[in-house]
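Novice: my questions concern the predicted model and sequence given below.
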Amino acid sequence: MGRSRSGDLPGRAPLRSVSGDLPGRAPLRSVSGDLRGRAPLRSVSGVVESPNIWRWPEVYERENAAQDATGALWDTVAELAPHDGADVVDVGCGDGYHLPRFAQRARTVVGVEPHRPLVDRARARVAGLSGCRVEQGSAAALPLADDSADVVHARTAYFFGPGCEPGLAEASRVLRPGGVLVIVDLDATRHSYGAWMRASAPRYDPAAAERFFASQGFALRRVDTLWRFPDRATLADVLRIEFTPAVAAKALDGTPGLALPVAYRVHTRREPAGLLRS
């Protein structure tokens, strides 16, 4: 699931989970125990912990494998931000799950991730992939040269409305004229999954996030897809790292099978080309 649903962390990279250390929320409960009282971790540049992937990367790996079972989200990203032969940057790449997929078509792929243990996991994942590397850094301070990318991609990472302006500015700096910034987040306005998101993070306002991106010149495409799990144990583990304990229990009870309909929003903005670029 996404890394943050809070809009009140200006200048900082928000959390990946809707539960945990969001303001006013109880800390996450681990799949193996309660973590109440555990202080949030920090990475480079004051980046706030992403509790689901930072604490349980193996469970998050299984979550990634379950996501977008229909392929609709990937098809939309490829349509709106074509990356055949392109230089691609994946901001907040985590442990690099999506990097090999981009590398199948892109000329080069750079993953950027603030949390060193995830950087190490991502580097191990892409070892031996030509033209693919991972750098430690934050969205607000990308360790990349000006005009060095054709596509900057951020999937459920950092970009969730007011407060993400430093990251947007950095993406514009790194993109070449005519390049595309594509931001993928979860649509909390639709399906049961969206309702569970809102229940776990009542301070997150999905409508406000949409208005913010529209004001920043982004186009919006809504995408429906499925998360499909191999077994109930995996489904339960994923729900427990994404939602507060009470909401996770309700979500599990409300999911009779192994598939969940999930909605996404894909925000895209193209950099001006030529003399139009300031």
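Specialist: Right, received. Where do you want to start? Numbering: from 1, shown residues only.
Novice: contacts and neighbour counts: CA atoms only from here.
Specialist: Noted.
Novice: for the residue nearest to the spatial centre of the chain, give me the pLDDT.
Specialist: Nearest to the mean C-alpha position of the chain, by C-alpha atoms, centre = their mean, lies Thr156 at 1.9 Å. With respect to pLDDT, Thr156 has a value of 92.
Novice: and for Arg277?
Specialist: Listed pLDDT for Arg277 reads 53.
Novice: what's the answer for Glu49, then?
Specialist: With respect to pLDDT, Glu49 scores 80.
Novice: chain center to stretch 130-149: distance?
Specialist: Relative to its chain's centre, stretch 130-149 lies at 16 Å (C-alpha atoms, centre = their mean, to the nearest Å).
Novice: how long is that stretch end to end?
Specialist: End-to-end distance of stretch 130-149 (C-alpha to C-alpha, to the nearest Å): 17 Å.
Novice: which positions within that stretch qualify as buried?
Specialist: Residues of stretch 130-149 classed as buried: 132-140, 142, 144, 148-149 (neighbour count, 16 or more other C-alpha atoms under 10 Å).
Novice: what's around Asp253, how many residues?
Specialist: Using other C-alpha atoms under 10 Å, Asp253 has 11 other residues around it.
Novice: what's the farthest-apart pair in the buried residues of stretch 130-149?
Specialist: The span of the buried residues of stretch 130-149, defined through C-alpha to C-alpha, is set by Cys132 and Ala140 at 21.4 Å.
Novice: just to revisit the earlier point, among the buried residues of stretch 130-149, which are located in strands?
Specialist: Cys132, Arg133, Val134, Glu135, Gln136, Ala149 (DSSP state E).
Novice: quickly name whichever of those residues is closest to Arg101.
Specialist: Closest approach to Arg101 among those (C-alpha to C-alpha): Cys132, at 10.9 Å.
Novice: which residues does that closest one contact?
Specialist: Cys132 is in contact with Leu99, Ala103, Thr108, Val109, Val110, Gly111, Val126, counting by C-alpha atoms under 8 Å, 6 or more residues apart in numbering.
Novice: what of Asp87?
Specialist: Contact analysis of Asp87 by C-alpha under 8 Å, 6+ apart lists Ala106, Arg107, Thr108, Val109, Ser148, Ala149, Asp150, Val151.
Novice: same question for Ala207.
Specialist: Contacts of Ala207 were listed using C-alpha under 8 Å, 6+ apart, and none were found.
Novice: low-confidence ranges in the stretch 151-278 of the chain?
Specialist: The stretch 151-278 of the chain contains residues with pLDDT under 70 at 274-278.
Novice: just the helices in the stretch 101-250 of the chain please.
Specialist: Listed in chain order, the helices of the stretch 101-250 of the chain (DSSP state H, counting those that start in this stretch) span 116-126, 165-174, 191-200, 206-215, 232-242, 245-253.
Novice: now do the second one: distance to the chain's middle.
Specialist: When you say that, I think you mean helix 165-174. Between the centre of helix 165-174 and the centre of its chain there are 16 Å (C-alpha atoms, centre = their mean).
Novice: check which residues of it are buried.
Specialist: Residues Glu165, Pro166, Gly167, Leu168, Glu170, Ala171, Ser172, Arg173, Val174 are the ones in helix 165-174 that count as buried (16+ other C-alpha under 10 Å).
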